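*Asks:* sharing a model that was predicted from the sequence below.
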Amino acid sequence: MQRDRAPKSTRIAQLLAIAESADNDEAAAAFLLAKRLMAKNGQSLGAMIRPAGEWPHLADEAGRARLAKVLGLTDSDKEGESIAAFLMAVRLMKRLGLAFSDIMTAGGGAEADGRTFSE
C-alpha cells in the first residue's frame, strides 16, 4: 500500500512552521528533521530562503541584516551551532514580525545563481 506524500518542500515548510510556534526543544527537533530532509533532497535552508532584498519591507534594516547573517549560520555542519542559529533566527523573526512563509522561495527550490541571504 502506497500512501500519498506531500512534496518534500511542503513537508519542510510544515516542519519550519512547527518550529516557529513550538518551544525551544520542539523547535530544535522540527528544525533537525527539516535539515535532514533538506540534506536528503540535496538542499539547504539557505537555498530555500529568498535574498534579504526580496523580503517584505522592514523598518529595522539592521534587524534584517542580522537575521540574514544568522540564517546563513543555520547551514553549519556543526549541529549545535546550526540549532542555536536557527533558534536565534526564530526569535529575530518574531521580533521583526516575519514568518518563514514570508521569506521562503515559493517552490522551496535551490537557487541556481548563487545569491546569498544579504543580497
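*Replies:* Arrived safely.
*Asks:* quick one, helices of the protein?
*Replies:* 8-21, 24-40, 45-48, 61-73, 79-96, 100-103 (DSSP state H).
*Asks:* work out the gap between the last one and the centre of the chain.
*Replies:* Relative to its chain's centre, helix 100-103 lies at 8 Å (Cα atoms, centre = their mean, to the nearest Å).
*Asks:* which residues are contacting it?
*Replies:* Contact with helix 100-103 is made by 13, 16-17, 20, 49-50, 55-56, 93, as judged by Cβ atoms under 8 Å, 6 or more residues apart in numbering. C-beta coordinates here come from the backbone N, C-alpha and C atoms, glycine included.
*Asks:* of the residues you listed, closest to residue 31?
*Replies:* Among these, residue 16 lies closest to residue 31 (Cβ to Cβ), at 7.4 Å.
*Asks:* and the residue nearest to the closest one when sequence neighbours are not counted, how far is that from residue 21?
*Replies:* The spatially closest residue to residue 16, leaving aside those adjacent along the chain, is residue 100, at 4.5 Å (Cβ to Cβ, 6 or more residues apart in numbering). Going from residue 100 to residue 21 by Cβ to Cβ, to the nearest Å gives 11 Å.
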